[in-house]
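Participant: fold the stuff below for me.
(2 chains)
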Amino acid sequence: MTKRVKSSDRRKRRPPVVLVILAVLGLSVFVIPLLGLLARTPWSDLPTLLTSDVVLDALRVSVIASLGATAISAVLGIPLAWVLARIEFPGRSIVRGIVVLPLVLPPVVGGAALLFALGRRGLIGEPLNEMTGLVFPFSIWGVIIAATFVAMPFLVITVEGGLRNLDPRYEGAAATLGAGRWTVLWRVTLPMIGSSLAAGLALTWARALGEFGATITFAGNLQGRTQTLPLAVFVAMESDRGAAVALSLIMVVISLTVLIVLRHRWWGAL
Amino acid sequence: MVGGAVSHSTGLDAHLVVSRGEEFTLDVSLSIPAGHTVALLGPNGAGKSTVVATIAGLLPLDEGHITLDGRTLDDPADDVLIPAEDRSIGVVFQDYVLFPHMTVVENVEFGLRSRKVPRRSAHEQAMSWLERIGLGDLADRKPNDLSGGQAQRVAVARALIVEPDLLLLDEPLAALDATTRVDLRRTLADHLDQFAGPRMVITHDPTEAFLLADEIHVIEDGVITQVGTPDDIRLRPRTPYIADLAGSNLVLGTASSGIVTNGTQQLHIADTHISGPVLAAIHPRAIIIDRRRPDGSPRNTWEATVTRIEHYGDRVRLQTGDPLPLTAEITPDALNDLQIVEGSVVWISIKATEISVEKD
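Facilitator: A predicted model of the protein is given here:
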């Protein structure tokens, strides 16, 4: 039997129905929780909730900790990525495995490990405390370290991937033109892996912002000092559902805004 | 001094030895006086890129030395290794390798800025270079928006603006399509002429080597198999590879209405539209040799004396004399059947369609 095709439909091939249904279901995994959040939002109380001390404190701690962790990840993670991408040394694959371990390790385990290493009685924490008086747990530094531990792998693997894909002849060309190592790095290498770098920073920051398990284990849950937005949500779920929803909304709005802006700026082609 | 040979006070003197595992070793000696162009001609995988990398300073030698204008750049026996950024060697890379995130003018001024020339002065010099090569209008474009020919000129400007001591061109024409290649080859020849130092062109294209170089070094499997002027290489190839690659007959002449005139000799060609100075190439195997006048349709037929016979395994190369000296290739069987010896008079015929013609 001949199948008839309307002239208006000739141009577009209809996508397979099963695929579209599954795709819509896939999308609903993300959308339905958001709808649930919006449905429970106490819109009239929102201004009061958003300006409450708990929320503002948590927002401040989260912003400082996530940006701090991103900055530390950039300063330490880019060189680490460079070494992994460019220098062959024995045990490189083991080092690479250690670097990505926090991606699969339960964050609580990471937090515990940090406590054993950097806690007041920790392997390094104790002598450090005796020498300098520094204490990481229950301080903003603890929050930053916990966030860095779980988030930096995103930066290292993205930047390393960018470096591996960069044709080494560009750096060679720069060298023959008289550019020293640093000039090559700043003017050729980093700009040329710009989109990997931006993606890595965005992922790192997003992961740091959402960090929960390692933070609560290592840095504790002190409002105004170590209580980040996710921790505040967790506490509020027990006591004040309205505040929990308000805090969650803040995180959704911040994350979505940053990701959309970055996507527009850096990943236009994606 | 190890090896103690002639040390040129100006120019490049190099003995390059690099081993890559068991299977490949580069062992090449080169000497290029200032003002001379040497072409390194060879197939892919012969080690040409390795030569570029060692001279440019991107790959250290295992043995040997590199001396430029009397200054040692690399000498493993003496623990000397000058890094690329301190060598002052202008490299035009294969595919040009322009920085894609910089504008054209930023690419050209990069070398000056790296040498701490103030921003404004570097910019002015780069702009005047671009004006000179007719690309002033494109200064603020990104390299991706340039045609192959424009990109090549930018790459040459970027390499030359820092006044290097040696100019290295790695397959400068390979990225271009056939028509642009012919135009650009002439521009490139001009650039080479204006550069006072030693010049080196890396290529797999014999025509390019013949037209650009004063001397050709043929490289095969990491070693130089023949050194000579373009005529030496063309007329007296020493290995089957060179015979195959470089053995083509090149005739410079003037084309008009399907005929190329060279002195008194005329060649009929298939292309009736091309006119002006041209380069006609005839492969030795496209030349038909006979003892009697051929009766077929070949438009180009004449009598000539065989001046030289050379055997290369399963083939034989004949040199023929006036009126148009050519190299022809036949089988040893054909040589026996035709009973040709040096001094024999033979009939040469070439079909017009077997002659490829390019504007010179």
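
Participant: for the rest of this, base every contact and every neighbour count on C-alpha atoms.
Facilitator: Will do.

Participant: residue in the stretch 1-150 of chain A nearest to chain B?
Facilitator: residue A:86 (14.3 Å; C-alpha to the nearest C-alpha).

Participant: so what's residue B:218 up against?
Facilitator: B:40, B:41, B:42, B:224, B:225, B:226, B:227, B:242 (C-alpha atoms under 8 Å, 6 or more residues apart in numbering or on different chains).

Participant: get me the contact residues on the stretch 101-250 of chain B for chain A.
Facilitator: Proximity of the stretch 101-250 of chain B to chain A is confined to B:101, B:110, B:111, B:114, B:115, B:159, B:162 under the rule C-alpha under 8 Å from any C-alpha of the partner chain.

Participant: quick one: mean pLDDT over the helix or strand hosting the second one.
Facilitator: Using DSSP states H and E, residue B:110 falls within helix B:104-114. Mean pLDDT, computed over helix B:104-114, is 94.

Participant: quick one: contacts of the helix or strand just after that helix?
Facilitator: Counting by DSSP H and E, the next helix or strand C-terminal to helix B:104-114 is helix B:119-132. Contact with helix B:119-132 is made by B:105, B:106, B:108, B:109, B:112, B:113, B:136, B:137, B:139, B:154, B:157, B:161, as judged by C-alpha under 8 Å, 6+ apart.

Participant: any chance of those residues in CSV, with distance to residue A:209 and neighbour count too?
Facilitator: Output for the contacts of helix B:119-132, formatted as CSV (distance: C-alpha to C-alpha, whole Å; neighbours: other C-alpha atoms under 10 Å in any protein chain shown):
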residue, distance to residue A:209, neighbour count
B:105, 41, 28
B:106, 38, 21
B:108, 43, 31
B:109, 42, 29
B:112, 43, 24
B:113, 40, 21
B:136, 48, 16
B:137, 47, 10
B:139, 43, 19
B:154, 46, 26
B:157, 48, 23
B:161, 49, 19
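
Participant: nearest to residue B:13 among those?
Facilitator: Taking C-alpha to C-alpha as the measure, residue B:13 sits nearest to residue B:161 out of the contacts of helix B:119-132, at 23.6 Å.

Participant: read off the pLDDT value for the closest one.
Facilitator: Note on residue B:161: pLDDT of 92.

Participant: for residue B:178, same thing?
Facilitator: For residue B:178, pLDDT reads 68.

Participant: contacts for stretch B:24-31, please.
Facilitator: Contacts of stretch B:24-31 (C-alpha under 8 Å, 6+ apart): B:11-19, B:47, B:50, B:221-224.

Participant: pick the one among those closest to residue A:154.
Facilitator: Nearest member of these to residue A:154, counting by C-alpha to C-alpha, is residue B:50, at 36.1 Å.

Participant: in a helix, that closest one, correct?
Facilitator: Yes - counting by DSSP: H, G, I helix; E, B strand; the rest coil, residue B:50 is part of a helix.

Participant: and it, what pLDDT?
Facilitator: 91.

Participant: quick one: contacts for it?
Facilitator: B:26, B:59.

Participant: separation between it and residue A:177?
Facilitator: Remark: distance between residue B:50 and residue A:177 (C-alpha to C-alpha, to the nearest Å) = 19 Å.

Participant: and for residue B:157?
Facilitator: Residue B:157 is 12 Å from residue A:177, by C-alpha to C-alpha.

Participant: repeat for residue B:81
Facilitator: 17 Å.

Participant: more neighbours: these two, which one.
Facilitator: More crowded of residue B:81 and residue A:177, by other C-alpha atoms under 10 Å in any protein chain shown: residue A:177, with 31 against 17.

Participant: I'd say the more buried one and residue B:83 touch.
Facilitator: No - Residue A:177 lies out of contact with residue B:83 (C-alpha atoms under 8 Å); the separation is 11.5 Å.

Participant: after the helix ranked longest in chain A, which helix or strand is next?
Facilitator: Looking across chain A with DSSP state H, the single longest helix is helix A:53-86. Using DSSP H and E, the helix or strand that follows helix A:53-86 in sequence is helix A:92-104.

Participant: which residues touch that following helix?
Facilitator: Against helix A:92-104 from outside (C-alpha under 8 Å, 6+ apart): A:84, A:110, A:149, A:150, A:151, A:153, A:154, A:156, A:157.

Participant: of those, which are in range of chain B?
Facilitator: Answer for the contacts of helix A:92-104 near chain B: none qualify (C-alpha under 8 Å from any C-alpha).

Participant: number of nearby residues for residue B:107?
Facilitator: 24.

Participant: who's in contact with it?
Facilitator: Here residue B:107 is in contact with B:98, B:99, B:154, B:158 (C-alpha under 8 Å, 6+ apart).

Participant: would you list those residues in a markdown table and tack on pLDDT and secondary structure?
Facilitator: As requested, these are exported to a markdown table (pLDDT from 0 to 100; DSSP: H, G, I helix; E, B strand; the rest coil):
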| residue | pLDDT | secondary structure |
| --- | --- | --- |
| B:98 | 95 | coil |
| B:99 | 95 | coil |
| B:154 | 93 | helix |
| B:158 | 93 | helix |
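
Participant: so which of those wins on neighbours?
Facilitator: Result: residue B:158 is most packed of these (other C-alpha under 10 Å), 29 neighbours.

Participant: is that residue in contact with residue B:112, as I believe?
Facilitator: No - at 9.2 Å, residue B:158 and residue B:112 do not qualify as touching, with contact defined as C-alpha under 8 Å.

Participant: let me see the domain layout of chain B.
Facilitator: Annotated domains of chain B cover B:12-98+B:146-238, B:249-359 [automatic domain parsing].

Participant: could you identify which of the ones you listed is most buried?
Facilitator: Here the criterion is mean neighbour count by mean count of other C-alpha atoms under 10 Å in any protein chain shown, and of these the winner is domain B:12-98+B:146-238, at a mean of 20.

Participant: just the strands in the stretch 51-200 of chain B please.
Facilitator: B:63-68, B:71-75, B:80-81, B:89-92, B:166-170, B:199-203 (DSSP state E, counting those that start in this stretch).

Participant: who does the fourth one touch, helix- and strand-wise?
Facilitator: Put plainly, it is strand B:89-92. helix A:168-176, helix B:148-160, strand B:166-170 (3 or more C-alpha pairs under 8 Å, 6 or more residues apart in numbering or on different chains; DSSP states H and E).

Participant: please, which helix or strand holds residue A:182?
Facilitator: helix A:181-184.
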